[in-house]
Structure formats: C-alpha cells, structure tokens
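Engineer: A structural model of the following input is requested.
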Amino acid sequence: MEPVPVEPPPTIWAFPPPARFHPDDDLVATGADLEPGTVLAAYRAGIFPMPLGGPRAPMAWFSPVRRGVLRPRDLHVSRSLARSVRRFEIRVDTACAEVIDACADPRRPSGWIDDQIREAYLRLHELGWVHSVEVWRADRLVGGLYGLALGGLFAGESMFHHETDASKVALTALARILDDGCDRLVDTQWQTPHLASLGVTEIPREEYLRLLAEVLRTPEADFERYGRGMRTTP
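Structural biologist: From the prediction side, this is the model:
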C-alpha cells in the first residue's frame, strides 16, 4: 500500500447539495457507482453509501438527520475496558481484508456489507484512504474496525469482536491514533446505545456538515507509524 493516500480520478457523478436533502430523511440519493473517486466525493459532502439490498437494487447514499460523532479525546474508557486493553496487541493495516470479512459475516444481525462494498473499500485501502485497526491475541485476529480517513475525519464503517471487549479495544486504539493534538472527528454514522456508552453523541446534520468542512482542512493522521506491533494504553 502507498505510504500516502493517492487521489483517484474524479467521479462522473454529482451528489445533491445539502439544500436539497429532505429534512426528515437520512436517504439523500440513489444510484451512481462505487469507484474510488465517487466514494471520496461522497464522504467529502457528508454522504456515505449503503446497499438497499438485492443484486439489482441501486446503491443508496445517506446523510443522517442525526449524526453519531466522537471526538477522540471524549472516548469513555471504563476500568474494565482499561483492563481489557492490556490483554491484546493492536496492529494497523496488516489485515484489512480480514477485518472487512469479519464485519461482513452473514451470521451477524443487520448485515449490510456485500461484495461490491467489500471491493470498493479494499480498493480505497490500496490507495491509502481506508484503514483497519486490528485486535490480536496470540497471532489470532479477535476484533477490529475499519473506516475511511479524510483529513481530520475518520469515517468508521463497521467493527467486530470474537472476544469480549475486542471491538471496544479497537476503538480505544483508534482514539489514541487520532488524539494527536489536531482537530479530528470520528463519524459513526448513527448513534447506538453501545456507542453512546463509549462517548458517541448525536448532532444535527447541519452541525455535522459544518464540522466536516473544518476537519477536512486538517492534515491526514499518520496511520503508518502505528504499524505492526502497536500496543495501546488506557
């Protein structure tokens, strides 16, 4: 993988401006493609893709009315999570395909990661935009997350765990990577009770788009220096 993100050819598609978003609907567009330039243009506009379901269904593009966000420094690390952190090894960008595959496990409820999503994000990983934060024990991948980094934004896509607290440990490691003194924001798309317990809050779409414009001007986080063997501390 390239050491710095490689800008792909621009998209041929135009996403609707925020003024055309329905005020009460998270869905803002359908169609287009998942070429790297298209996906990056969407995230820069506060939009992300998610399949509607079915092999012939058009791709759906969302900008939630209520957006889940986390400032890295605001992550809640409980005493039990701090103990869990010390049980695992963290690696970055050594098994991105395996992390995506684990997140896409069809046995998981509400699964949405299909083959076209997998291919799109692996292409972006090869270009240096998508990163995986992996939780290992005894050389076995037991948890992790992946997402797309743009300037000071980390757009989290999904996470998984095969051992207790392993996905929370991955989020703790991500927060450590991003908490480098720069203005950064983790986008979790929607807030869930689980994410709320970790410090994720909800903000209106308009506020998210304002913050997005600010953090996109922040330099990229240095994921490369956290390569194989990184260990987290609470």
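Engineer: Need the three-state assignment for the most centrally placed residue in the chain.
Structural biologist: With distances taken as Cα atoms, centre = their mean, the residue of the chain nearest its centroid is G156 (1.5 Å). Under DSSP: H, G, I helix; E, B strand; the rest coil, G156 falls in the strand class.
Engineer: And for it, nearest residue in space, chain neighbours not counted?
Structural biologist: G147 (4.1 Å; Cβ to Cβ, 6 or more residues apart in numbering). Just so you know, the C-beta spots here come from the backbone N, C-alpha and C atoms, and that holds for glycine as well.
Engineer: swap in F154?
Structural biologist: Excluding its sequence neighbours, the residue lying closest to F154 (Cβ to Cβ, 6+ apart) is V186, at 4.9 Å.
Engineer: Tell me how far the one helix or strand that neighbour maps to lies from the chain's centre.
Structural biologist: Take DSSP states H and E as the rule and V186 turns out to sit in strand 185-189. Distance of strand 185-189 from its chain centroid, counting by Cα atoms, centre = their mean, to the nearest Å, is 7 Å.
Engineer: Also stretch 138-151?
Structural biologist: Counting by Cα atoms, centre = their mean, stretch 138-151 comes out at 10 Å from the chain centroid.
Engineer: go on, stretch 124-144?
Structural biologist: 12 Å.
Engineer: Could you do stretch 10-21 as well?
Structural biologist: Distance, centroid of stretch 10-21 to centroid of chain: 21 Å (Cα atoms, centre = their mean).
Engineer: if we look at it, which residues are touching it?
Structural biologist: Residues outside stretch 10-21 that contact it (Cβ atoms under 8 Å, 6 or more residues apart in numbering) are 28-29, 31-33, 35, 37-38, 40-42, 45-47, 61, 63, 205-206, 209.
Engineer: how long is that stretch end to end?
Structural biologist: For stretch 10-21, the first-to-last residue distance is 23 Å (Cα to Cα, to the nearest Å).
Engineer: quick one: buried residues of it?
Structural biologist: Buried residues in stretch 10-21, counted by 16 or more other Cβ atoms under 10 Å: 11, 15, 21.
Engineer: cool, stretch 126-136 as well?
Structural biologist: In stretch 126-136, counting by 16+ other Cβ under 10 Å, buried: 127-136.
Engineer: before we move on, what about stretch 77-88?
Structural biologist: Here stretch 77-88 shows 77, 81, 84-85, 88 as buried, counting by 16+ other Cβ under 10 Å.
Engineer: out of the residues you listed, who's nearest C103?
Structural biologist: F88 (17.6 Å; Cβ to Cβ).
Engineer: Just give the nearest non-adjacent residue to that closest one, would you?
Structural biologist: V135 (4.9 Å).
Engineer: tell me the pLDDT at the one you found?
Structural biologist: With respect to pLDDT, V135 has a value of 96.
Engineer: Tell me how many other residues crowd the closest residue to L153 other than its chain neighbours.
Structural biologist: Leaving aside its chain neighbours, L153 sits nearest to V215 (5.1 Å; criterion: Cβ to Cβ, 6+ apart). Close neighbours of V215, defined as other Cβ atoms under 10 Å, add up to 17.
Engineer: Next: the one 10 residues further on.
Structural biologist: Other residues near R225 come to 9 when the count uses other Cβ under 10 Å.
Engineer: hang on, it in a helix?
Structural biologist: Yes: applying three-state DSSP, one finds R225 inside a helix.
Engineer: give me the beta-bridge partners of the residue nearest to F154?
Structural biologist: L70, F154 (DSSP bridges).
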